[in-house]
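Novice: Show me how the following folds:
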Amino acid sequence: MSNSILFRLPKFCAVIVFCCSTTALFAQQASITEQTRSIKTYPFSDPDPVPNLTRKPVIYPYFAFDGYSEQGAPQNWQVVELENDHIRLSVLPQVGGKVFGAVEKSTGHEFIYQNDVLKFRRISLRGPWSSGGIEFNFGIIGHTPTTATPVDYLLRKNDDGSVVCYIGAPDWASRTRWSVAITLPADKAWFETNAMWYNPTPFDQSYYTWITAALAAREDLHYFYPGHYVVPHSFDIANAPWPLDESGRDISWYKNNDIGGSKSHFIFGEYEPFFAGYWHDLEFGSGHWARYDDVPGQKMWIWSLHRDGGIWEDLLTDKKGQYSEPQAGRLFSQVDHEFFQPYRGDAWREIWFPFKKLGGLSMATPEAAANIWQDGDTLRVRLNALQKIEQELVVQFEGAPLHREWLSLAPMAVYVGNFSLPQTAGRLEVLVGNERYFTNDNSANDIHRPIQYRPIDESTAEGLYLAGEFHEKQREFERAFENYSACLQRDKNHVRAMTRLALLLTRRGENEKALTLASNALSLQMYDPDANYAYGVIARRLGRLTDAKEALGWAARSLAHRSNAYCQMAEIFLQENSLTLALEYARRAIGFNRYNLNALEVQAIAQRKLGRNDDAQATLQAIDELDPLHHFVRFEQFLLETTPDRLHEFKSLIRHELPHETYLEMAIRYHQMGLEGEAATVLTHAPAHAMISLWHAFILRNSDSDKAASQLDKALAQSPKLIFPFREESIAVLEWAVSLRPDAWQPKYYLGTLLAAKGRIEQALSLLDSCRKPDYAPFYLTRAQLRSHGAAELVLADLQQALLIDQNSWRSWHFLIDHYKSQQNSEMALKLAQEASKKFPQQIVLTMDYAGALFNSGEYQACLRVLQKARVLPYEGSWEAHDLYLRTNVYLALQMIAKNRWQEAVTYLEQSKAYPEHLGSGEPYAPDFRLQNYLASLCFTKMGRKNWAQESLKAVREYTSTHGTIWGSSDYFGIRTLQEYGEQKLASKLVQQLSERNRDDVAAHWTVAQLTGDRSQIQRLESAHQYNARLAMLRDVVRVCHQLAGK
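Specialist: The predicted model follows:
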């Protein structure tokens, strides 16, 4: 090809549309304001005063909220608004710090869905959650404990004209801290979120973080996620293709996800930094950009497009309509958790941007969004500038320029170019400046690494160890403890299992046992860095500081522990008042990890104590640059300059839900470094709280015994409501308080709760049993739940005492009803439930207790009447109320069958197919009615209606042939029908599938046993799961079917 052809200007059309004001060409300033705004709110309430030891222990000490409103009313909220010439967004610091919504100003369209209400419903780990905006989740799978409650926040204006709203909070379950800088530049059409997450503890914590955005769910919504596979949300599901599924449906379109239930698509397979959603009818989109290695997780969440998802549109919004969630995560899938190493700080950047008139998205950078594709012999280029662009666009064909053009674009301007190609085959690239926006090599960025989720084989010592790690990463410490212990039984010299078990014992406060294990590990591998690290941490906890320094020094030989170990040595030197050495080791730690905030804290303290105040201020400034919400900075500035203004600066920015915990955490930090004066000062300014007073007393016990006694008395006089100790360091404090006030129940209750949270149940019960009849109902509810697996008479006595103390608490009634139910005492359960439902007519938990008690007493008609009047506000995935409705109708049908009233039986079976939405469930895609249809076919046969019987049986057959086996209790009837139709091959295949099911699917294994005639297995399953209501229904229906069939 000649140069004249190569550089010939092809036929093209280029249109540049400026959709921004002329002020964009001059110096700009973004604005940030805080205001009080009235928003219609459906509030949450009723915090659970019973410690979260069995309900959701992975988030202890957080408590659940159990009150939700069906009626909304205006409520004032603090709203932070950030705005520049191109976009406007708002933040709700009192609702988890979520981005409330974001608008692109030239179109007026939302690129982040903003709900018209705050309609809190029971979806998060603690319950309350509201849809819309962008939510920040850190810690463990689920909507974070702080998602609906106040967080800390701080507003700043920067010299470059940008503005920032910092939001953040501690995660008390892991004692980590997270913050996000929500930054709006002055002159760009995007905002960014810069996350900072820090683990200040000496232990590995669970590593999980996903940021969840929301987009309006419309028929024309089309997702653009680079990749080839959908990574599963479960370990027993294989990867699936993307964007075309196995049937050839393009599931990147929202509307094409109407088969099946709600969708969690984790897309993987290309090394690309973006994803987006685009509304074709609006010619408008919303995108996300981040470096792939920062945010490899890309998820698309869609509520079911059937009524089981549609019901949530009504539950979560008033008029705004349904939403969908693009989500960004640090791991591939939300079932994944990893370890968050001690003293590690993670920081990453994400950008959220609008774009328009592109028809989709094929590439994005912070400079521009682009959609570029080859259309036969034409290359079509669409660019939406996200900031001012003054760069050259180059189209290359086979490595040589085909077209050059200088682009001068303002933010949100759209460029359109159509270029004729000399031939349809050949290598094409499009560059803007140095950034490549397009290549027609579709495999250029493909990822080939394996992504496989497999169950862990626990038949070997190593498998047991890996299972222990798996559970520890998810805060399932008891299961991890069991796995590590089992590993050591298989291989007594498994050093890694010893080390991890030793640190778990340290978490539990069993330091002497922990040290023995760590010593055993060192005796096997003297220089092992993990074993030395564990030994050093444990020795320090025991006050053996020389041993701790020596072992940590060996641990520091490994890069994995170096910064952390040096920092802990610095803390010990500070504790020993060796300030120069503390500074030296703090600097070593910082040298290997600039995000080591603990080391920076030690450096600032040592500098202050050495009188080097300017250096201390400089260090504090360095901490502030990494984490402006780090309250240590403002407290140390107060110690450097003890004025009311400095004290106010410190206290005024601690705004999260549980502020006392921050004061306590800081005091413990100073205490661990031997700085009792600073610890006492922190607690002097802390809000009133029993644990604050107890720690204050403990710290003052040697220096001011009178004041310590006063603080101890103060602690005993304070309400125990929502006092949930969780730190292992508090064990010594509470043991000291128990020794000084042996007749007081509160310290024993607090200590017992703490020990139970650490897995030390027997010791916890021993303490609680030694208390002298407290007049506090949650005490008895707590002790009862700790005894829940035995001692039924003692459990009953505690629950009766709780009700006697507080008959105005619905929980006291509910727990006692539930106990009677578990003991098969249907008479007492029904009597109490009837009384409770009358006393608390608006409490749906007690209404459902009453309905359940009626069912268990065989009063099915009465149960049905209660259900017909009930109104359930469900949680995500809830099914219990509908399940009771189904079972009630089925058992009414069985009663009619016993009386040969076949038509009435069929009527009840048909009624059981309904999904009354007032019970909190909408009808799903392809509901499974095989049980009802199979039983109805037998009734029709008895009525002489053979055609109807055949039609019912045909429906069972067709459903089974189409859907195969599914989780639940109807597979028996499907496979039995296939056998009756002579389809033995398919029936055998389905039986095999059921036999391979997860052991938790009891109905599947019972079905296999029933179909294969394994009577011993049937008896074993029915005995082990005698309280499984679905299994009981399956058993009873099958028996009736056998009777009707003459078997």
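
Novice: same question for stretch 629-638, mean pLDDT?
Specialist: Mean per-residue pLDDT for stretch 629-638: 98.

Novice: Please disregard the earlier target; I meant stretch 302-318.
Specialist: Mean predicted confidence for stretch 302-318 is 96.

Novice: How far away from the center of its chain is it?
Specialist: Distance, stretch centre to chain centre, for stretch 302-318: 20 Å (CA atoms, centre = their mean, to the nearest Å).

Novice: Then stretch 395-402?
Specialist: That offset, for stretch 395-402, works out to 48 Å (CA atoms, centre = their mean).

Novice: and what of stretch 874-887?
Specialist: On CA atoms, centre = their mean, the centre of stretch 874-887 falls 23 Å from the chain's centre.

Novice: And it, what's buried?
Specialist: 874, 875, 878, 880, 881, 882, 884, 885, 886, 887 (16 or more other CB atoms under 10 Å). All C-beta spots, glycine's among them, are computed from the backbone N, C-alpha and C.

Novice: Show me which pair in these is furthest apart.
Specialist: Longest distance between any two of the buried residues of stretch 874-887 is 19.9 Å, between 875 and 887; criterion CB to CB.

Novice: correct me, but residue 122 touches residue 873?
Specialist: Yes: the pair residue 122 / residue 873 is scored as a contact, 7.1 Å apart, by CB atoms under 8 Å.

Novice: Mutual contacts of those two, please.
Specialist: Residues touching both residue 122 and residue 873 (CB atoms under 8 Å, 6 or more residues apart in numbering) are residue 68.

Novice: who's more crowded, those two?
Specialist: residue 122 (20 against 15; other CB atoms under 10 Å).

Novice: which residue sits closest to the more buried one, ignoring its sequence neighbours?
Specialist: residue 875 (4.0 Å; CB to CB, 6 or more residues apart in numbering).

Novice: Which strand or helix spans the closest residue to residue 683 other than its chain neighbours?
Specialist: With CB to CB, 6+ apart as the criterion, residue 683 has its nearest non-adjacent residue at 4.2 Å, and that residue is residue 696. Using DSSP states H and E, residue 696 sits in helix 690-700.

Novice: which stretches of the chain aren't confidently modelled?
Specialist: 1-27, 234-236, 789, 876-877, 968, 998, 1047 (pLDDT under 70).

Novice: element containing the most centrally placed residue in it?
Specialist: Centre of the chain computed as the mean C-alpha position; nearest residue by CA atoms, centre = their mean is residue 142, 2.0 Å away. Assessed by DSSP H and E, residue 142 sits outside every helix and strand.

Novice: these two touch, right, it and residue 127?
Specialist: No: the criterion here is CB under 8 Å, and residue 142 misses it with residue 127 at 11.0 Å.

Novice: Just the buried positions in stretch 814-831, please.
Specialist: Neighbour counts over stretch 814-831 (16+ other CB under 10 Å) mark 814-821, 825-826, 828-830 as buried.

Novice: Give me the contact list for it.
Specialist: Counting by CB under 8 Å, 6+ apart, 781, 784-785, 792, 795-796, 799-800, 802-803, 832-833, 836, 845-846, 849-850, 852-854, 856-857, 859, 1027 sit against stretch 814-831.

Novice: Can you list the residue ranges for helices in the stretch 351-500 of the chain?
Specialist: 461-473, 477-490, 495-507 (DSSP state H, counting those that start in this stretch).

Novice: same thing with the stretch 601-750 of the chain?
Specialist: So, for the stretch 601-750 of the chain - with DSSP H, counting those that start in this stretch - the helices run 613-626, 631-640, 644-652, 659-672, 676-684, 690-700, 705-717, 730-740, 745-757.

Novice: what about the fourth one, distance to the chain center?
Specialist: If I follow you right, that is helix 659-672. 26 Å.

Novice: same for it, what does it pack against?
Specialist: strand 163-171, helix 631-640, helix 676-684, helix 690-700 (3 or more CB pairs under 8 Å, 6 or more residues apart in numbering; DSSP states H and E).

Novice: Could you export those as a markdown table, including distance to residue 519 and mean neighbour count?
Specialist: Shown next, in a markdown table, are the helices and strands packed on helix 659-672 (distance: least, CB to CB, whole Å; neighbours: other CB atoms under 10 Å):
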| stretch | distance to residue 519 | mean neighbour count |
| --- | --- | --- |
| strand 163-171 | 32 | 24 |
| helix 631-640 | 34 | 22 |
| helix 676-684 | 30 | 20 |
| helix 690-700 | 29 | 25 |
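
Novice: out of those, nearest to residue 737?
Specialist: Comparing the helices and strands packed on helix 659-672 under CB to CB, the one sitting nearest is helix 690-700, at 5.6 Å.

Novice: what separates the closest one from the chain centre, distance-wise?
Specialist: Its chain's average C-alpha position is 33 Å from that of helix 690-700, according to CA atoms, centre = their mean.

Novice: And stretch 942-953, by the same measure?
Specialist: For stretch 942-953, the distance to the chain centre is 49 Å (CA atoms, centre = their mean).

Novice: now the nearest residue in space to residue 121 that is not next to it in sequence, what's its secondary structure?
Specialist: By the measure of CB to CB, 6+ apart, the closest residue to residue 121 outside its immediate chain neighbours is residue 315, 5.5 Å from it. Classification of residue 315 by DSSP: H, G, I helix; E, B strand; the rest coil places it in helix.

Novice: Residue 315: what's it in contact with?
Specialist: Counting by CB under 8 Å, 6+ apart, residue 315 makes contact with 119, 121, 873, 874.

Novice: With distance to residue 949 and secondary structure added, can I get these in JSON lines?
Specialist: Compiled in JSON lines, the contacts of residue 315 are given as follows (distance: CB to CB, whole Å; DSSP: H, G, I helix; E, B strand; the rest coil):
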{"residue": "119", "distance to residue 949": "47", "secondary structure": "strand"}
{"residue": "121", "distance to residue 949": "43", "secondary structure": "strand"}
{"residue": "873", "distance to residue 949": "41", "secondary structure": "coil"}
{"residue": "874", "distance to residue 949": "36", "secondary structure": "coil"}
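
Novice: need those residues in JSON lines with distance to residue 111, can you?
Specialist: Compiled in JSON lines, the contacts of residue 315 are given as follows (distance: CB to CB, whole Å):
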{"residue": "119", "distance to residue 111": "22"}
{"residue": "121", "distance to residue 111": "25"}
{"residue": "873", "distance to residue 111": "31"}
{"residue": "874", "distance to residue 111": "30"}
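
Novice: What is the most widely separated pair among those residues?
Specialist: 119 and 874 (13.2 Å).

Novice: Can you give me the distance of the residue nearest to residue 122 to residue 815?
Specialist: 19 Å (CB to CB, to the nearest Å).

Novice: Is it correct that residue 215 is in contact with residue 323?
Specialist: Yes: at 6.5 Å, residue 215 and residue 323 qualify as touching, with contact defined as CB under 8 Å.

Novice: A strand includes residue 148, no?
Specialist: No: using three-state DSSP, the assignment for residue 148 is coil, not a strand.

Novice: mind listing what the residue nearest to it when sequence neighbours are not counted touches?
Specialist: Excluding its sequence neighbours, the residue lying closest to residue 148 (CB to CB, 6+ apart) is residue 128, at 3.9 Å. Neighbour list for residue 128: 44, 65, 68, 120, 121, 122, 147, 148, 149 [criterion: CB under 8 Å, 6+ apart].

Novice: Try it again at 6 Å.
Specialist: 44, 65, 120, 148 (CB atoms under 6 Å, 6 or more residues apart in numbering).

Novice: swap in residue 966?
Specialist: Counting by CB under 6 Å, 6+ apart, residue 966 has no contacts.

Novice: Can you flag which of the contacts of residue 128 belong to strands?
Specialist: 44, 65 (DSSP state E).

Novice: Highest neighbour count among the contacts of residue 128?
Specialist: The contacts of residue 128, ranked by neighbours (other CB under 10 Å): first place residue 148, 27 neighbours.

Novice: Kindly provide the distance from that residue to residue 70.
Specialist: Counting by CB to CB, the separation of residue 148 from residue 70 is 17 Å.

Novice: Okay then, goodbye and thanks.
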